[in-house]
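**Q** 3D, please:
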Amino acid sequence: MNIEQVVQTAVSDLALGSVFTFDDLYGVVQQRRGRRLRIVELAEIGDHDGLCAVWLTTDEDDIIIHARTDSALHRQQFVLHELSHMILGHCDGDECTETDVLLPDIPPHTRARLLRRQDLDSDTEIAAESLADRLAAGIRGSAFAESRYFEVFG
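**A** Predicted coordinates:
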């Protein structure tokens with residue numbers, strides 16, 4: 001897998017341009033997936049627990065649950081990483097339909113994603129983090145474009 005090419009294609013397919021807001025991205029992802037998207041902070045978990053964020057699905061919703069952090073940028077990166085998995089189509093189709101009798105009340109595709117999260121050096125995790133970085137840059141560009149940042153700080 002050529003991760004840079006995959007990420008570049010994903011960015012182009014979003015058709016957001018090089019500068020956009022988080023709300024623009026949120027709307028595009030929700031519309032492309034045809035599902036409601038919810039983002040929820042869970043104060044009971046923190047990055048000390050080894051879990052920053054997780055993407056869960058129900059029949060109607062995509063839900064991103066993220067750890068509490070005082071850093072808005074850190075929190076944004078948690079969410080962008082999970083959005084990147086959605087954008088890249090990770091766990092679409094048969095990829096995450098493994099069965100697991102240990103967690104019978106959790107849908108199979110969700111179980112598979114949760115149980116595979118330990119492989120942080122996999123191509124899918126690297127691609128998701130790379131795309132999240134690109135999305136963060138686009139959002140930062142929007143923040144600067146909507147302000148006098150460049151006039152002030154040149």
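**Q** Which residue ranges of the chain form strands?
**A** 36-42, 53-57, 61-67 (DSSP state E).
**Q** what's the average pLDDT for stretch 12-32?
**A** Taken as a whole, stretch 12-32 carries a mean pLDDT of 95.
**Q** What residues sit buried inside that stretch?
**A** By 16 or more other CB atoms under 10 Å, the buried positions in stretch 12-32 come out as 14, 16, 19, 20, 21, 22, 24, 25, 28, 29, 30. Where C-beta positions appear, they are placed from N, C-alpha and C, glycine not excepted.
**Q** what does that stretch rub up against?
**A** 36-37, 62, 76, 83, 86-87, 135, 138-139, 141-142, 145 (CB atoms under 8 Å, 6 or more residues apart in numbering).
**Q** Of those residues, grab the buried ones for PyMOL.
**A** In PyMOL syntax, the buried subset of the contacts of stretch 12-32 is picked out as below (16+ other CB under 10 Å):
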select buried, resi 37+62+76+83+86+87+135+138+139+142
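**Q** Make TSV out of the contacts of stretch 12-32 and add distance to residue 70 and pLDDT.
**A** Converted to TSV, the contacts of stretch 12-32 look like this (distance: CB to CB, whole Å; pLDDT from 0 to 100):
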residue	distance to residue 70	pLDDT
36	28	95
37	24	96
62	26	91
76	13	93
83	21	97
86	26	95
87	27	97
135	22	96
138	24	94
139	19	93
141	24	83
142	23	68
145	26	56
